[in-house]
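Visitor: quick one: sequence plus predicted model below, questions after.
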Amino acid sequence: MLLPTLVQAQWYRYTDTAMTTSIDLEFWAEDRAFAERTANRVLSVFHQVDQQMSRYREDSELSRVNREAAGHPVKVSSGLLRVLQKARMVSDLSNGAFDISFGSVGYLYDYRAKQQPTDEDIASHLGQINYRDIVLDEENSSVAYRQQGLLVDLGGIAKGYAVDLGVGILKKAGVRHARLSAGGDMRLIGDRRGRPWVVGVRDPRTEDRNAVVLPLVDTAVSTSGDYERFFIDEAGNRIHHIIAPGTGKPVRGVQSVTILGEDALTTDGLSTAVFVLGSEQGLEMINRLPGIDAIIIDEHRRMHYSEGLQPPESVN
Ligand code: ADP
Ligand code: MG
């Protein structure tokens, strides 16, 4: 008989950095060799998607599309096409609050160097923000831009896509209890062996403090916040990374948005969209979408919940 000590059924945890954020993987596995092998495959997904969809890499597939698609249709991988299709859906749903062509102005911000465009710079590029000028040809798997100067940025949706791919690998390998996150985008497989996972929604103004904790199983959770990438300018304004396509400026009114749903590609796109829409219009959109819920923390630190998360009215 095999000695039971050779079987190392336990929680395994791995971390990495990719897509300019931290990747965190935790799962239950029967033995260490399987866990190592599986974790390596899952973590490598984030580097692959970064290579495909990063705007910071000149040799990424996205950068090539940005250079060429205004001139002629460019063939794209099925993965990139998928993300572009979902982005289009979220743009239509949100009336253009979510718009990946915000990059035309978004690229003028440099958060590390604390630089922002002047009003004139913004005005001269604002016309290049229009997701309808990104033309997808599903049959030929190609994309063309109707405008010179249009630049796509997938920072609001690509991490969710990668998390879904990672979850696909885990499930195929037979993993039944896992938590996989890339920055603010997370998916849970199953529960924590008899107990739900506990996911904290961060207090947007206090690190290491949760505004609320949610017991969850088998869910995708994405949070967009104004605290992820920002600087405070001389006028005291918080210049952060979520841009209103209508003005080319950082969105005001909301500090963080958390979306719950089935897959992270959807929750990632929607968290950014609701951030731009604000609490009222954002909740209106979410309440129309089956299986999707939202928690919004506004600029006065008030919390807003979608209908699916309202406590039932007490019956006396
Ligand atoms: P993160 O997990 O990086 O905080 P979010 O899901 O909150 O990501 O998305 C923020 C990112 O979305 C920005 O860094 C930028 O790349 C992109 N973005 C900013 N404004 C918009 C917009 N109006 N529409 C689509 N994407 C946007
Ligand atoms: Mg997002």
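Guide: Perfect, thanks for sending it. Ligands and ions are numbered 1, 2, ... in the order given.
Visitor: contacting residues for the residue in the chain that ligand 1 sits nearest to?
Guide: Of the chain, the residue with the smallest distance to ligand 1, taken as C-beta to the nearest ligand atom, is Gly155 at 2.2 Å. (C-beta placed from N, C-alpha, C; glycine too.) Contacts were defined as C-beta atoms under 8 Å, 6 or more residues apart in numbering; by that measure Gly155 touches Arg55, His241.
Visitor: quick check, Lys75 in contact with Asp137.
Guide: No: counting by C-beta atoms under 8 Å, Lys75 does not reach Asp137; the two are 9.5 Å apart.
Visitor: hmm, back to that, helix, strand or coil: sort out the residue of the chain closest to ligand 1 for me.
Guide: For Gly155, the secondary-structure state derived from DSSP: H, G, I helix; E, B strand; the rest coil is coil.
Visitor: now it: phi and psi?
Guide: In this entry, Gly155 is assigned phi and psi values of phi -60, psi -20 (degrees, to the nearest 10).
Visitor: same question for Arg252.
Guide: Backbone torsions of Arg252, given as degrees, to the nearest 10, read phi -110, psi 160.
Visitor: go on, Leu150?
Guide: Torsion angles at Leu150 (phi, psi; degrees, to the nearest 10) stand at phi -70, psi 130.
Visitor: return the distance of it relative to Thr247.
Guide: Relative to Thr247, Leu150 is positioned 18 Å away (criterion: C-beta to C-beta, to the nearest Å).
Visitor: look at those two and report which has more neighbours.
Guide: Comparing Leu150 with Thr247 by other C-beta atoms under 10 Å, the one with more neighbours is Leu150, at 22 against 14.
Visitor: for the spatially most central residue of the chain, helix, strand, or coil?
Guide: Among the residues of the chain, the smallest C-alpha distance to the mean C-alpha position (C-alpha atoms, centre = their mean) belongs to Asp268, namely 3.3 Å. Secondary structure for Asp268, judged by three-state DSSP, is helix.
Visitor: pLDDT score assigned to it?
Guide: Model confidence at Asp268, expressed as pLDDT, equals 98.
Visitor: now do the contacts for the closest residue to it other than its chain neighbours.
Guide: Leaving aside its chain neighbours, Asp268 sits nearest to Gly160 (2.7 Å; criterion: C-beta to C-beta, 6 or more residues apart in numbering). If you count contacts by C-beta under 8 Å, 6+ apart, Gly160 has them with Asp185, Ala220, Ser222, Asp263, Ala264, Leu265, Thr266, Thr267, Asp268, Gly269.
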